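Colleague: Fold the following, please.
(one chain, ligands or ions: 1)
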Amino acid sequence: MYEKPLTLAVDLYGCPNRCLHCWLGHMPNRVMEPDADRWIVDRFRPYFRSIEFFSWLREPDFCPDYRARWERDKQLCVNAVPPRFELASFWRLVRDPDYVNFLKEVGVSCVQLTFFGLEAATDRCVGRKGAFRELLRATELLLEHEISPRWQAFVDEENRNELPELLRLSEELDLAGRCAAFGGVFKFFVHPGSCDGENRRRYPIRIRKDHIPPELIPYFYHYELLQPESELCAAWRDERAHVVYHNEDRIVLYVSNTYDLYFNFTHMRPEWRIGNLKTDPMDELVRRVVEEDTPALRAARAVTLGELVRLCGDPGSDRAFEPEDYKSYLFNKYLEERAWKAR
Ligand code: SF4
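Modeller: The predicted model follows:
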């Protein structure tokens, strides 16, 4: 029996969106079998003393019976109480008048909403016409029920000049003042996202640090950590350390709707698959999880950061990255282009 607590997040229902930045990567929606939740928890129950269970890993509450679902998620946990996050389904918020009441009941005080610019850009990047207006409507519904909206915006070379207009819109709507009126806090923040999943395809339009509009800098998440790719390449060219992925206090596992198992380290691509709950022996799956023994993680321990830079970096690029995001970018590129194909 392992003492380290386990979190299982299962893609039981899918997601109504197809965001172009989705770090998990796009997957088809498929409603899993009715007893899949208990079956999955039971597979892990003999091995872990504490198991936190979530019936979603993409869109929270993307099932019509979200109240019963939340109760069942709690019941399925083993020696654990699942937290609610500052996340909700804006798709459901604008379609189901009772959903916002449910969020209040379970103690949600802030909900993050994601933009990619104004209407056309947000609709295109969420993958659904009407998404921008739904986000504005969701903002109003949350405020009416004294829940603070938090606006996050993804920035790239295509939308950088549009985002100051989004910031101005939040000021025109007086979101900060309206949150303060009930003791809440409105936050607006901007960032380029990691470079996993679908966002990897957007590498060509990744923001350059000196192209960030000055009025966005106070709202830029980890602005001080951003460095041009060229500087990171120069700094790490001879680095002998490895890119390390490791579970610290808790093991978090994602279960796809086809029962594939992944760590939450980066995207859910074949290179990162731990195994399959239906076809692999459970003892062996748990061993791989606990010992962090998968082909991708073995590859990470075998290649140095300097080698990754020399093989996969672009020393002439001024695209901006946080260092940890750039390490993941390099390693995933290495897996896709070299190590994995060579197997
Ligand atoms: S980022 Fe979230 S909401 Fe968007 S497609 Fe991915 S899982 Fe769905």
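Colleague: Can you pull up the residues of the stretch 51-200 of the chain that come close to the ligand?
Modeller: Arg58, Glu59 (CB under 6 Å from any ligand atom). Quick note: C-beta positions are derived from backbone N, CA and C, even for glycine.
Colleague: One more pass at 5 Å, please.
Modeller: Arg58 (CB under 5 Å from any ligand atom).
Colleague: Residue of the stretch 51-200 of the chain nearest the ligand, please.
Modeller: Residue nearest to the ligand within the stretch 51-200 of the chain: Arg58 (3.5 Å; CB to the nearest ligand atom).
Colleague: all helices for the stretch 1-150 of the chain, in order.
Modeller: 36-44, 66-76, 90-93, 99-105, 119-126, 131-144 (DSSP state H, counting those that start in this stretch).
Colleague: Hmm, Asn332 is touching Arg200, no?
Modeller: Yes: in this structure, Asn332 is within contact of Arg200 by CB atoms under 8 Å, at 6.8 Å.
Colleague: Give me the more crowded residue out of the two.
Modeller: More crowded of Asn332 and Arg200, by other CB atoms under 10 Å: Asn332, with 24 against 21.
Colleague: Okay, and the more buried one sits in which element?
Modeller: helix 323-334 (DSSP states H and E).
Colleague: circling back: I'd like the helices of the stretch 1-150 of the chain laid out as a markdown table, including mean neighbour count.
Modeller: Listed next are those as a markdown table, based on neighbours: other CB atoms under 10 Å:
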| stretch | mean neighbour count |
| --- | --- |
| helix 36-44 | 18 |
| helix 66-76 | 16 |
| helix 90-93 | 23 |
| helix 99-105 | 16 |
| helix 119-126 | 20 |
| helix 131-144 | 19 |
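Colleague: Dump these to TSV, plus distance to Gly183 and mean pLDDT.
Modeller: Shown next, in TSV, are the helices of the stretch 1-150 of the chain (distance: least, CB to CB, whole Å; pLDDT from 0 to 100):
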stretch	distance to Gly183	mean pLDDT
helix 36-44	36	98
helix 66-76	25	97
helix 90-93	21	97
helix 99-105	14	98
helix 119-126	29	97
helix 131-144	13	98
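Colleague: so which of these comes closest to Cys22?
Modeller: Cys22 sits nearest to helix 119-126 of all these, at 9.9 Å, using CB to CB.
Colleague: now the closest one against helix 131-144, angle please.
Modeller: 100 degrees (axes from the mean of the first three to the mean of the last three CA atoms, to 10 degrees).
Colleague: Now do helix 119-126: everything it contacts.
Modeller: 17-21, 114-117, 129-133, 135, 154, 158-159, 162 (CB atoms under 8 Å, 6 or more residues apart in numbering).
Colleague: where do the strands sit along the stretch 151-300 of the chain?
Modeller: Counting by DSSP state E, counting those that start in this stretch, the stretch 151-300 of the chain has strands at residues 187-191, 227-228, 251-255, 260-263, 275-276.
Colleague: Of these, which is nearest Leu308?
Modeller: Nearest of the strands of the stretch 151-300 of the chain (CB to CB): strand 227-228, 15.8 Å.
Colleague: can you pull the contacts of the closest residue to Ala176 other than its chain neighbours?
Modeller: In space, and not counting its chain neighbours, Ala176 is closest to Phe186: 4.4 Å by CB to CB, 6 or more residues apart in numbering. Applying CB under 8 Å, 6+ apart to Phe186 gives the contacts Ser148, Pro149, Arg150, Trp151, Ser170, Leu175, Ala176, Arg178, Cys179, Ala180.
Colleague: how about a cut-off of 6 Å?
Modeller: By CB atoms under 6 Å, 6 or more residues apart in numbering, Phe186 lies in contact with Ser148, Leu175, Ala176, Cys179.
Colleague: Now do Tyr329 against the ligand, distance only.
Modeller: 18 Å (CB to the nearest ligand atom, to the nearest Å).
Colleague: my guess is that residue meets Gly193, correct?
Modeller: No: if you go by CB atoms under 6 Å, Tyr329 and Gly193 don't touch, sitting 11.1 Å apart.
Colleague: Can you tell me which of the strands of the stretch 151-300 of the chain is nearest to Ala88?
Modeller: Among those, strand 187-191 sits nearest to Ala88 (CB to CB), with 15.4 Å.
Colleague: Could you pull out the buried residues of the closest one?
Modeller: Lys187, Phe188, Val190, His191 (16 or more other CB atoms under 10 Å).
Colleague: can you redo those residues as CSV with pLDDT and distance to Tyr47?
Modeller: As requested, those are exported to CSV (pLDDT from 0 to 100; distance: CB to CB, whole Å):
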residue, pLDDT, distance to Tyr47
Lys187, 98, 39
Phe188, 98, 43
Val190, 98, 42
His191, 97, 37
